[in-house]
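Q: sequence first, then the predicted structure:
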Amino acid sequence: MVFSHLGSLLLALSFLAVVASGSHRNLPILSFDEGYTQLFGDDNLAIHRDGKTVHLSLNERTGSGFVSHDLYLHGFFSASIKLPADYTAGVVVAFYMSNGDIFEKNHDEIDFEFLGNIRGKEWRIQTNVYGNGSTSVGREERYNLWFDPSDDFHQYSILWTNSQIIFYVDNVPIREVKRTPPMGGDFPSKPMSLYATIWDGSDWATNGGKYRVNYKYAPYVAEFSDLILHGCAVDPIEPSSKRCENAKSLEAISSGISPLQRAKMDNFRRKHMTYSYCYDQIRYKVPPPECLIVPQEAERLKRFDPVTFGGGRRHHGKRHHRSTQSGTDSA
């Protein structure tokens, strides 16, 4: 993990150019061996296509996963992912950053989670952020997609700087999390590794656990390609390495989303967001302090689910299962 000062400077300048241009298409794509190692799963991880495509499988014996060689303090992290098809209830595919193996009680996390579904219903995508072990405050948002993620590869990306986190789908920003004083230490701020996993989430992933993994359809295979690790790699023994301070110069450029990008993000959220923790009146009588309530979002979600988002009473004639720990979740 030793880098020259020149290499660090070039990395910072390259990162600046990427963020300034808003384009991530020209970043280097790594082979699996260059950036990652197997985390678990034995033969359920397979490498294909000159080492640049990875298949992760879930069967009755085990799931599987991989992790980056290095920890990173800020950067741009991306993969093109093709999800399993057919009956996928209870299956969870995750592409995320975490340091839980180092900071067990105060870890940070930035998540993409893909939640499988019963036949005829689509995968859902969930994003979440934890900082400093703040797992008691779930910051989930959940969305439908404008495509079938099992038909082909689509790009899912995380941009993480000292002041903001942006989640992208096919280069369209879908969520922005800004570091604000009310959020305090809950904003992820310690070096993290990048992970990809597939596992059995039967207890919660589909309609609160109503629909479980059916191994008749196994193996479930998630394919990963176009792997990008573009950030400041740090030594875990000295995580505050000074060479990452160059990333602070990103803030002047990456402090906001361009008007065109924001229009695309607003359009996505208006059409596809189905859950946001900020509006969940069952979980939070008062929204967490970092929440900025958008009246249009509040009204749309209230119409979508008046019980969760409007404080209404649940009718006993209908069975709606909700998870108090992971937000609303309908099949």
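A: Looks like it arrived, so ask away.

Q: which residues of the stretch 101-250 of the chain score low on pLDDT?
A: 237-250 (pLDDT under 70).

Q: can you show me the strands along it?
A: Ranges of strands within the stretch 101-250 of the chain are 109-115, 124-130, 141-143, 154-160, 164-169, 172-178, 193-200, 220-234, based on DSSP state E, counting those that start in this stretch.

Q: quick one: contacts of the first one?
A: Taking CB atoms under 8 Å, 6 or more residues apart in numbering as the criterion, the residues outside strand 109-115 that touch it are 81, 83, 91-100, 123-130, 142, 149, 156, 158, 160, 165, 167, 188, 192, 201, 205-206, 222, 329. (C-beta placed from N, C-alpha, C; glycine too.)

Q: quick check, Tyr284 in a helix?
A: No: Tyr284 sits outside any helix when classified using DSSP: H, G, I helix; E, B strand; the rest coil, being coil.

Q: not counting sequence-adjacent ones, nearest residue to it?
A: Nearest residue to Tyr284 in three dimensions, chain neighbours excluded: Tyr277, at 7.1 Å (CB to CB, 6 or more residues apart in numbering).

Q: pLDDT score for the one you found?
A: In this model, Tyr277 is scored at 96, pLDDT.

Q: circling back to that earlier point, Phe66: which of the strands of the stretch 101-250 of the chain is closest?
A: Of all the strands of the stretch 101-250 of the chain, strand 193-200 sits nearest to Phe66, with 5.5 Å by CB to CB.

Q: and the angle for that closest one with strand 220-234?
A: Counting by axes from the mean of the first three to the mean of the last three CA atoms, to 10 degrees, strand 193-200 lies at 160 degrees to strand 220-234.

Q: thinking again about what came up before, export the strands of the stretch 101-250 of the chain to JSON lines and append columns for distance to Arg303 and mean neighbour count.
A: Formatted as JSON lines, those follow (distance: least, CB to CB, whole Å; neighbours: other CB atoms under 10 Å):
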{"stretch": "strand 109-115", "distance to Arg303": "23", "mean neighbour count": "22"}
{"stretch": "strand 124-130", "distance to Arg303": "19", "mean neighbour count": "23"}
{"stretch": "strand 141-143", "distance to Arg303": "16", "mean neighbour count": "22"}
{"stretch": "strand 154-160", "distance to Arg303": "28", "mean neighbour count": "22"}
{"stretch": "strand 164-169", "distance to Arg303": "24", "mean neighbour count": "21"}
{"stretch": "strand 172-178", "distance to Arg303": "21", "mean neighbour count": "18"}
{"stretch": "strand 193-200", "distance to Arg303": "34", "mean neighbour count": "23"}
{"stretch": "strand 220-234", "distance to Arg303": "34", "mean neighbour count": "22"}
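
Q: out of these, which is closest to Asn59?
A: Across those, Asn59 has its closest neighbour in strand 220-234 (7.6 Å, CB to CB).

Q: same for that closest one, what does it pack against?
A: With contacts defined as 3 or more CB pairs under 8 Å, 6 or more residues apart in numbering; DSSP states H and E, strand 220-234 has these neighbours: helix 5-21, helix 32-35, strand 53-58, strand 71-82, strand 91-98, strand 154-160, strand 193-200.
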